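Participant: Have a look at this prediction, sequence included:
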Amino acid sequence: MSLNLTIDQGNTASKIAIWNGEQLIDSVIEPTLSPKVVERFVQRHGTVRHAIYCSVKSHGHDILASLDFLAKKICQLTSETPIPITIDYKTPKTLGADRIAAAVGAWSIYGGSPLLVVDAGTAVTYDALSADGHFLGGNIAPGMSMRLEALHRFTARLPRVKVPFEINYDTFLGYDTPSAMILGAVYGIVGALTYYRSHLPDDTKVVLTGGWAQELRKLLDFEVFVETDLVSKGLNRILIYNEK
């Protein structure tokens, strides 16, 4: 069995996954990424052939050094890594590696149609791909927790509100200050997503990932596809593409 290892280090947590070809074998979400965490995960599965590391936080020198002992070949995803889509971003070196991986992941599943790829995590990214696989660009906005924290920090009297596990959608208007803040934050994302979708071709497919993907799907009145492992799938696809 030839195994691939993918590591996606995000702003809040990291996802580590093992793949056999295109099949996901195992994955974990870790709040803190370290060489020991990666080593323990890999040891559960045996020898890894190829590994790829993607981070929005750091250069990951310690992680990359540890991978030298865990995989036969390693790669860090950058703007110079060969990928199966074309990046039309004017400053590709500033394009987040996680956005590249998510775009590749979406293209590997739904390629051939225009795509709107939305990663709703700590930040929310909205990225568009053309039907022929060109990354056209996208926008970045605060995520749910960031929006709520900003309302508290930059106003005099609004409270600090934690994102709840369940949100009451019986009304789209808040019935007290915390609900007004929560609904204002979530419907702000829904409104933005709906706006971007309305400006793209009619046959555009919307692909959602990130911690808020399932919650957002409840509130959208058009078809969306939720892919919880989208960035990891993209990283694995990049490994396969470079093997060939």
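Facilitator: In hand now; what should we look at?
Participant: Have a look at this structure and report the helix or strand with the lowest mean pLDDT.
Facilitator: Across the helices and strands of the chain, mean pLDDT, DSSP states H and E gives its lowest value to helix 61-67, namely a mean of 86.
Participant: Which positions in it come out as buried?
Facilitator: By neighbour count on 16 or more other C-beta atoms under 10 Å, the buried set for helix 61-67 is 63-64, 66-67. (Each C-beta comes from the backbone N, C-alpha and C, glycine too.)
Participant: can you check stretch 42-51 too?
Facilitator: Neighbour counts over stretch 42-51 (16+ other C-beta under 10 Å) mark 42, 48, 50-51 as buried.
Participant: So which elements touch the helix ranked longest in the chain?
Facilitator: Ordering each helix of the chain by length in residues (DSSP state H) puts helix 177-198 first. Other elements packing on helix 177-198 under the criterion 3 or more C-beta pairs under 8 Å, 6 or more residues apart in numbering; DSSP states H and E are strand 115-120, strand 123-129, strand 134-142, helix 144-153, helix 213-217.
Participant: check contacts around residue 219.
Facilitator: With contact taken as C-beta atoms under 8 Å, 6 or more residues apart in numbering, residue 219 is in contact with 169, 186-187, 190.
Participant: And the furthest pair within these?
Facilitator: Using C-beta to C-beta, those reach their maximum pairwise distance at 169 and 190, which is 10.5 Å.
Participant: Would you mind telling me which of those two has more residues around it?
Facilitator: residue 190 (18 against 12; other C-beta atoms under 10 Å).
Participant: which residue packs closest to that one, ignoring adjacent ones?
Facilitator: residue 219 (4.8 Å; C-beta to C-beta, 6 or more residues apart in numbering).
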